[in-house]
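*Asks:* Pasting the sequence and the predicted model now:
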Amino acid sequence: MTSASMSGTRRDEPAGSLSAERIWGVRNLTRSLIMFGGTVWATAYFIVQHPPMWQSVLAVAWATATAVLGMFTGVLAQRGSPSFPRVFPVLVVVTLGLEAWGGWPWAATVTWATTACGWRRAPRSRPRIAALAVAAGLIALAHGLPVAGALALVVFVLLPGIFAMQTRQSADLVRELQETRRELARLAVVEERNRIARDLHDLVGHSLSVVAVKTELARRLVTAAPERAATELDDIESVVRRALAEVRQAVTNYRQPTLAAEIAGAVSAARSAQIQCTIDIPDTWELPAPVEGLLAWTVREGVTNVLRHSGAAHCWISLELAEQVVSVEIRDDGRGPAGGGAGNGITGLSERAAAFGGQIEVGAPAEGGFRIRVRVPLEAS
């Protein structure tokens, strides 16, 4: 039985997987050669006893048919064919019948049946293999073989079936591992796509919101205060250039926003939109980079919602540092986003927080307005 019959090889499988299948293929081939050798030896042993010619011819034909049927049944077992339950009993009768007719040397042919049974994915394979081996031993005893010899035959018939079962279980395990690896690779691609989608939403959405606010302000100032309008236009150019750089970094996964920069940007954007922004943060902080990145994204998303949807006159940004937990909150006195705030940005932020074991609170507080609050454990990094 070759490795190709054991399981179909794939050109896109890793080299290690193909090596394992080649090893099992060599084992199967070796086992098949041993069984062929045992069948040939039993035939030769029978013929040298000088039986009548018709018995010699019958023995050769019977042994050949047994080997062919044994290979065929083994292939059916490996493929899980529904024909196996009908063919296997025929193989059992043929092999045990040959031993019963010709004598104990023909017990070597019973290994075709135990091997095929070992390849079969069935819960009762072990008892069946043991029963075949014991039956071969009892037939040998009936032909006058000593008990020690019969026991040796039982072991000889038993081992190929056990080895086939172990090989099949190993092959199934490796196949499951290969499928798991392919699934993990697929999930990694999906996760990377989701990451890029979240990053692009946060980056482009925030930057465009700032550009829209500053453009509207510059339009009002272009006649009343040209110098200030020019300043706002310079800010727009800076925002656009920064957005382009961040988009490039998002695609290559090298971008990590900082909390201080996002808070400073939030104050500037709120001022441009004529929204008073109150900051309540510690003088200094030292956070793990992944945690700081999550809080920075929270500030960016919260301020973007304030600029886009709230119609607020005042917003508050606060940062709380505890021994094991850090949290950031963005609150405003506006009407909040339409539909309760469950947009793509909030969904992406929830996914980021969940990845670090954090919690997100979104909704209207008792004092009115809208609030986004994210809490994350420091050890999540």
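*Replies:* Received the coordinates, thanks. Residues are numbered from 1 along each chain as shown.
*Asks:* Only C-alpha atoms from now on, for both contacts and neighbour counts.
*Replies:* Fine.
*Asks:* and the longest helix for this structure?
*Replies:* helix 147-224 (DSSP state H).
*Asks:* Show the subsequent helix or strand relative to it.
*Replies:* helix 226-252 (DSSP states H and E).
*Asks:* Tell me who's in contact with Pro377.
*Replies:* 324-326, 356-358 (CA atoms under 8 Å, 6 or more residues apart in numbering).
*Asks:* Actually, Ala67.
*Replies:* 36, 39, 109, 112.
*Asks:* can I get those residues in TSV with neighbour count and secondary structure?
*Replies:* TSV is the format used below for these (neighbours: other CA atoms under 10 Å; DSSP: H, G, I helix; E, B strand; the rest coil):
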residue	neighbour count	secondary structure
Phe36	19	helix
Thr39	25	helix
Thr109	29	helix
Trp112	30	helix
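*Asks:* ok, these vs Thr215, which is closest?
*Replies:* Trp112 (83.6 Å; CA to CA).
*Asks:* Is the closest one in contact with Phe72, as I believe?
*Replies:* No - between Trp112 and Phe72 there is no contact, the gap being 9.9 Å when judged by CA atoms under 8 Å.
*Asks:* Quick one, which of the contacts of Pro377 are buried?
*Replies:* Neighbour-count burial (16 or more other CA atoms under 10 Å) is assigned, among the contacts of Pro377, to 326, 356, 358.
*Asks:* Confirm that Ala67 sits in a strand.
*Replies:* No - counting by DSSP: H, G, I helix; E, B strand; the rest coil, Ala67 is not part of a strand but helix.
*Asks:* From Gly37, how far off is it?
*Replies:* For Ala67, the distance to Gly37 equals 11 Å [CA to CA, to the nearest Å].
*Asks:* How about Ala313?
*Replies:* 92 Å.
*Asks:* hang on, the earlier thing: make a markdown table out of the contacts of Ala67 and add pLDDT and distance to Leu378.
*Replies:* Shown next, in a markdown table, are the contacts of Ala67 (pLDDT from 0 to 100; distance: CA to CA, whole Å):
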| residue | pLDDT | distance to Leu378 |
| --- | --- | --- |
| Phe36 | 85 | 66 |
| Thr39 | 88 | 70 |
| Thr109 | 90 | 67 |
| Trp112 | 90 | 62 |
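*Asks:* on that earlier part again, quick one: the longest helix of the chain to helix 226-252, angle?
*Replies:* 170 degrees (axes from the mean of the first three to the mean of the last three CA atoms, to 10 degrees).
*Asks:* elements contacting helix 147-224?
*Replies:* Under the contact definition 3 or more CA pairs under 8 Å, 6 or more residues apart in numbering; DSSP states H and E, helix 147-224 sits against helix 15-47, helix 110-119, helix 125-142, helix 226-252, helix 259-272, helix 289-305, helix 344-355.
*Asks:* Alpha carbons of the second one, in PDB - could you do that?
*Replies:* Listed in PDB are the C-alpha atoms of helix 110-119, where the atom choice follows Å, rounded to 0.1, in the frame of the first residue of the first chain:
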ATOM      1  CA  VAL A 110      -4.500 -13.600   7.900                       C
ATOM      2  CA  THR A 111      -2.300 -10.500   8.300                       C
ATOM      3  CA  TRP A 112      -4.100  -9.100   5.200                       C
ATOM      4  CA  ALA A 113      -7.300  -9.100   7.200                       C
ATOM      5  CA  THR A 114      -5.900  -7.700  10.400                       C
ATOM      6  CA  THR A 115      -4.100  -4.900   8.400                       C
ATOM      7  CA  ALA A 116      -7.300  -3.900   6.600                       C
ATOM      8  CA  CYS A 117      -9.200  -4.000   9.800                       C
ATOM      9  CA  GLY A 118      -6.600  -1.700  11.400                       C
ATOM     10  CA  TRP A 119      -7.000   0.800   8.600                       C
END
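*Asks:* how far does that helix sit from the chain's center?
*Replies:* 34 Å (CA atoms, centre = their mean, to the nearest Å).
*Asks:* for it, packing partners?
*Replies:* Looks like helix 110-119 contacts helix 53-79, helix 84-102, helix 125-142, helix 147-224 (3+ CA pairs under 8 Å, 6+ apart).
*Asks:* Pick the most deeply packed of these.
*Replies:* Mean neighbour count (mean count of other CA atoms under 10 Å) peaks for helix 125-142 among these, with a mean of 20.
*Asks:* starting at the chain centroid, how far to that one?
*Replies:* 43 Å.
*Asks:* Same check on stretch 235-244?
*Replies:* Counting by CA atoms, centre = their mean, stretch 235-244 comes out at 40 Å from the chain centroid.
*Asks:* Same check on stretch 114-129?
*Replies:* That offset, for stretch 114-129, works out to 31 Å (CA atoms, centre = their mean).
*Asks:* Over to stretch 319-337?
*Replies:* 36 Å.
*Asks:* got it, and stretch 140-149?
*Replies:* The mean C-alpha position of stretch 140-149 is separated from the chain mean by 54 Å, CA atoms, centre = their mean.
*Asks:* and what of stretch 85-101?
*Replies:* Counting by CA atoms, centre = their mean, stretch 85-101 comes out at 44 Å from the chain centroid.
*Asks:* contacting residues around that stretch?
*Replies:* Outside stretch 85-101, the residues that reach it (CA under 8 Å, 6+ apart) are 62-63, 66, 69-70, 73, 105-107, 109-110, 112-113, 116, 135-136, 139-140.
*Asks:* What separation is there between Glu351 and Arg308?
*Replies:* Counting by CA to CA, the gap from Glu351 to Arg308 is 22 Å.
*Asks:* With Ile129 instead?
*Replies:* 73 Å.
*Asks:* Kindly report the same for Arg335.
*Replies:* 11 Å.
*Asks:* now swap in Arg241 and tell me
*Replies:* On the measure of CA to CA, Arg241 and Arg308 end up 21 Å apart.
*Asks:* same deal with Gly358?
*Replies:* In terms of CA to CA, Gly358 sits 26 Å off from Arg308.
*Asks:* Also Ile346?
*Replies:* 14 Å.
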